[in-house]
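[1] sequence plus predicted model, see below.
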Protein chains: 2
Amino acid sequence: MNANYLAGPVLVIGTGLLGASAAMGLRACGIEVGLRDASPTALRIAEDLGAGVACAPGDGFEPELVIVATPPDVVAPVVSAALREFPAAAVIDIASVKQSILAALLDDASLSPAELARYVGAHPMAGRELSGPAAARGALFTSAPWVVVPHEGSSAHAVRLAKAAGADLGASVIQMDARSHDEAVALVSHFPQVASSLLASRLRGAPGSALALAGNGLRDTTRIAASDPRLWIQILSHNAPQVLPILEGLRGDLDRIIATLKDPAAPGAALDIAELMGEGNAGAARIPGKHGAPPQSFATVSVIVDDRPGQIAKLLTEIGEAGINLEDLRMEHSAGHQVGLVDVQVLPGRRDELVAALTALNWKVVQ
Amino acid sequence: MNANYLAGPVLVIGTGLLGASAAMGLRACGIEVGLRDASPTALRIAEDLGAGVACAPGDGFEPELVIVATPPDVVAPVVSAALREFPAAAVIDIASVKQSILAALLDDASLSPAELARYVGAHPMAGRELSGPAAARGALFTSAPWVVVPHEGSSAHAVRLAKAAGADLGASVIQMDARSHDEAVALVSHFPQVASSLLASRLRGAPGSALALAGNGLRDTTRIAASDPRLWIQILSHNAPQVLPILEGLRGDLDRIIATLKDPAAPGAALDIAELMGEGNAGAARIPGKHGAPPQSFATVSVIVDDRPGQIAKLLTEIGEAGINLEDLRMEHSAGHQVGLVDVQVLPGRRDELVAALTALNWKVVQ
């Protein structure tokens, strides 16, 4: 249970994956949460998940903070309406691109400077390949960056509430201006998405026998290619000026490796391949470790299990009986084989104990 | 312990990550293994790991099978020498590219057709980001594809031994011709490597504040960019004719998205972005699932569980008691929160039965 930075209540408008997850996370801190969504079904699922209570205009709900979590193309008008409907509330949106939304609000003649002062942008850098409230998790934002993006007229009070929401959700709060934010997400989020989609696109015409050889490298690089195109039309359209120069840089490198591979025996070709790969090494090495206490700080123990009903349950039961808490679990996909590896994650200090316990119980532990 | 398909002994030449792992795996089946490496240090580490016993030319070791696991650029001469040194043995190599090695052996005037008949190519689709014998593990090949690549003159006996080695190592044995193999790995392995390296390369000049926002999407897409450039110079040089057309296809798509993002408000631009993203969806969906099953062939049932010790084990135990095989499972450990969702994947024909069973047992199933 987090310390509460918000007093509440909070109104969440839009109960898709992110909105419902934020609502569940705030509810878990004991904060009163009201919910709205244009879809009665999404709203009911969010309520069933314990994300809060549905509420409608005019029912007297008086939020301290409104979180707008609608699709990006309607964020600006929904924020504008919320600023007018709740004259005492701070209003934040949690869309992925900030400059275009801010520009639309600054252009909105129906908003006074005093109303605009209660608006602050935000962007939680968290998500899943799935969408909709059924995929929501209260812990979605735990340890993830929660970028707070004030504009020049944002009040200190509104900025404080925008940060408080992130803190209550267990996120790592960072403040940036809208332009720096949009340039950063173009590089670390939108560009990898485009690259992954273009990469996966090449698989469309491949023979099944080739795809049967797919390993974790292909799976990892194409995982986010399964994302929802509808969301990405909006994100890429809104952030095109920031994404374009990065894609043009990629095209320059791509032209270079294509030219090199056309004559791989030419003088200097091997060096050129090594340089390109080395530049990839250098870029990958710049990615910092995760914030807070993320899954990467857990120790992984790989166990070989027969693919029979009940084997994984037996493994988890015996881990529980050994008094060791399971932090995460992942089954490795295998093609055409009846034996699989299960990666069990535990706190690093419990690793040796777990290996000893499982070995004593005749589990095959891969060291 | 696997059933033994090989009788042994086996000679492993080259005790890096793959060679030492294969040797350890075969030793674990009780097969006698001899080791050779140009590096006395690598050889001693492999011996210390229990991978087998160092042996030298002229000491009377008579292998049934020789596994050549040297760097790709010396595989052909080492295979050729092994075929001549051990006139009764089958000889396989386990390098990542097969056509260029076969071409070199077919051009080798010192080899007779009878000697060449004892050669079969192989390629275990397994690896780690680490390299060297210290990273080796006997289970490295468990459930991974082990591609056996005979040439037209390969003897049935040699092909059988090449497959037996994969079977003894717990791998999933697949047979392909050299050209199909090289085209397949160009697509599912070499192309993702190049794409990941080029993507990561763009991060070199980024501000640290931007990289602080890196999430799982960037980490997953750039993970293999940390690979060893020296190995990839050899792989890409040898397989350039297969990799090139894929990179050229990528360049076509990249040109298309760059043109679209230059004017994202133009008529048709949103549709074009949606098409490109949709093509990525379609490609990603073709990657096979567990056991080589068709993609997306499993049904997902999401279950709300209390975040208490033993709840997941209880859920899986009850799924096992219902006689339903778990195909995959994803959990989110939500520390500090009261409920979480577990996504359980089963064969589609068992889905309704599972939902009914879990509902009867008072599990909260999210439909």
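    Thanks, I have the structure now. Numbering: from 1, shown residues only, chains lettered A, B, ... in the order given.

[2] quick check: longest helix in chain A by residues?
    Criterion DSSP state H: the longest helix present in chain A is helix A:240-262.

[3] and that one, what's buried?
    If you call a residue buried by 16 or more other Cβ atoms under 10 Å in any protein chain shown, then helix A:240-262 has these buried ones: A:240, A:242-244, A:246-247, A:250-251, A:253-254, A:257-258, A:260-261. Where C-beta positions appear, they are placed from N, C-alpha and C, glycine not excepted.

[4] tell me what the helix or strand just after it is packed against?
    Using DSSP states H and E, the helix or strand that follows helix A:240-262 towards the C-terminus is helix A:269-285. Helix A:269-285 is packed against helix A:240-262, helix B:191-201, helix B:216-222, helix B:229-238, with contacts defined by 3 or more Cβ pairs under 8 Å, 6 or more residues apart in numbering or on different chains; DSSP states H and E.

[5] what is the burial count for A:Arg219?
    The tally of other residues near A:Arg219 (other Cβ atoms under 10 Å in any protein chain shown) stands at 15.

[6] that one - nearest residue in space that isn't next to it in sequence?
    Leaving aside its chain neighbours, A:Arg219 sits nearest to B:Ile287 (6.3 Å; criterion: Cβ to Cβ, 6 or more residues apart in numbering or on different chains).

[7] how about A:His190?
    In space, A:His190 comes closest to A:Val243 once its chain neighbours are excluded; the distance is 5.0 Å by Cβ to Cβ, 6+ apart.

[8] now swap in A:Ala117 and tell me
    A:Ser155 (4.3 Å).

[9] what is the burial count for the one you found?
    Here the neighbour count serves as a burial measure; for A:Ser155 (other Cβ under 10 Å) it reads 16.

[10] quick revisit: got the helices and strands packed on helix A:269-285 as CSV, with distance to B:Leu35 and mean pLDDT columns?
    Formatted as CSV, these follow (distance: least, Cβ to Cβ, whole Å; pLDDT from 0 to 100):
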stretch, distance to B:Leu35, mean pLDDT
helix A:240-262, 35, 97
helix B:191-201, 29, 96
helix B:216-222, 35, 88
helix B:229-238, 21, 87
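
[11] rebuild those helices as JSON lines, extending it with distance to A:Thr41.
    Below are the helices and strands packed on helix A:269-285 laid out as JSON lines (distance: least, Cβ to Cβ, whole Å):
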{"stretch": "helix A:240-262", "distance to A:Thr41": "33"}
{"stretch": "helix B:191-201", "distance to A:Thr41": "38"}
{"stretch": "helix B:216-222", "distance to A:Thr41": "28"}
{"stretch": "helix B:229-238", "distance to A:Thr41": "49"}
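
[12] between the ones you listed, which one is closest to B:Asp343.
    helix B:216-222 (16.4 Å; Cβ to Cβ).

[13] which residues touch that closest one?
    The contact list for helix B:216-222 (Cβ atoms under 8 Å, 6 or more residues apart in numbering or on different chains) reads A:188-189, A:192-193, A:195-196, A:220-221, A:223-224, A:280, A:283-284, A:287, B:196, B:199-200, B:203.

[14] so what's the gap between it and the chain middle?
    18 Å (Cα atoms, centre = their mean, to the nearest Å).

[15] likewise for stretch A:93-108?
    Taking Cα atoms, centre = their mean, the mean C-alpha location of stretch A:93-108 is offset from the chain mean by 20 Å.

[16] how about the stretch 1-150 of chain A: which residue is closest to chain B?
    A:Ala139 (3.4 Å; Cβ to the nearest Cβ).

[17] surely that residue touches A:Cys29?
    No: with contacts counted by Cβ atoms under 8 Å, A:Ala139 stays clear of A:Cys29, the gap being 11.7 Å.

[18] stretch A:19-30: how far from the chain's middle?
    Relative to the centre of its chain, stretch A:19-30 is centred 16 Å away, using Cα atoms, centre = their mean.

[19] C-alpha coordinates for it, PDB please?
    Output in PDB follows, covering the C-alpha atoms of stretch A:19-30 (Å, rounded to 0.1, in the frame of the first residue of the first chain):
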ATOM      1  CA  GLY A  19      -7.500   4.500 -17.600                       C
ATOM      2  CA  ALA A  20      -8.800   1.300 -15.900                       C
ATOM      3  CA  SER A  21      -5.200   0.400 -14.700                       C
ATOM      4  CA  ALA A  22      -4.800   3.900 -13.200                       C
ATOM      5  CA  ALA A  23      -8.200   3.700 -11.500                       C
ATOM      6  CA  MET A  24      -7.400   0.200 -10.000                       C
ATOM      7  CA  GLY A  25      -4.000   1.400  -8.800                       C
ATOM      8  CA  LEU A  26      -5.500   4.500  -7.100                       C
ATOM      9  CA  ARG A  27      -8.300   2.400  -5.600                       C
ATOM     10  CA  ALA A  28      -5.600   0.100  -4.100                       C
ATOM     11  CA  CYS A  29      -4.300   3.100  -2.300                       C
ATOM     12  CA  GLY A  30      -7.700   3.700  -0.800                       C
END
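
[20] state the mean pLDDT of it.
    Computed over stretch A:19-30, the mean pLDDT rounds to 94.

[21] pretty sure the residue nearest to A:His190 is in contact with A:Pro192, am I right?
    No: if you go by Cβ under 8 Å, A:Val243 and A:Pro192 don't touch, sitting 10.7 Å apart.

[22] pull the residues that contact the longest helix of chain A.
    Applying Cβ under 8 Å, 6+ apart, the contact partners of helix A:240-262 are A:182-183, A:185-187, A:190-191, A:194-195, A:236, A:266, A:269, A:272-273, A:276, A:279, B:194, B:198-199, B:201-202, B:236, B:240, B:243-244, B:247-248, B:250-251, B:254-255, B:257-258, B:261-262, B:264.

[23] go again using 7 Å as the cut-off
    Here helix A:240-262 makes contact (Cβ atoms under 7 Å, 6 or more residues apart in numbering or on different chains) with A:182-183, A:186-187, A:190-191, A:194, A:236, A:269, A:272-273, A:276, B:194, B:198, B:201-202, B:236, B:240, B:243-244, B:247-248, B:250-251, B:254, B:257-258, B:261-262, B:264.

[24] where does A:Phe61 land in three-state SS?
    What DSSP: H, G, I helix; E, B strand; the rest coil gives for A:Phe61 is coil.

[25] that one contacts A:Cys55, correct?
    Yes: with contact defined as Cβ atoms under 7 Å, A:Phe61 counts as touching A:Cys55 (4.6 Å).

[26] run a quick neighbour tally on the residue in the stretch 51-200 of chain A that chain B sits nearest to.
    Closest contact between the stretch 51-200 of chain A and chain B, by Cβ to the nearest Cβ, is at A:Ser197 (2.9 Å). A:Ser197: 27 surrounding residues under other Cβ under 10 Å.

[27] look up how far B:Glu275 lies from it.
    Plainly put, A:Ser197 is 10 Å away from B:Glu275 if you go by Cβ to Cβ, to the nearest Å.
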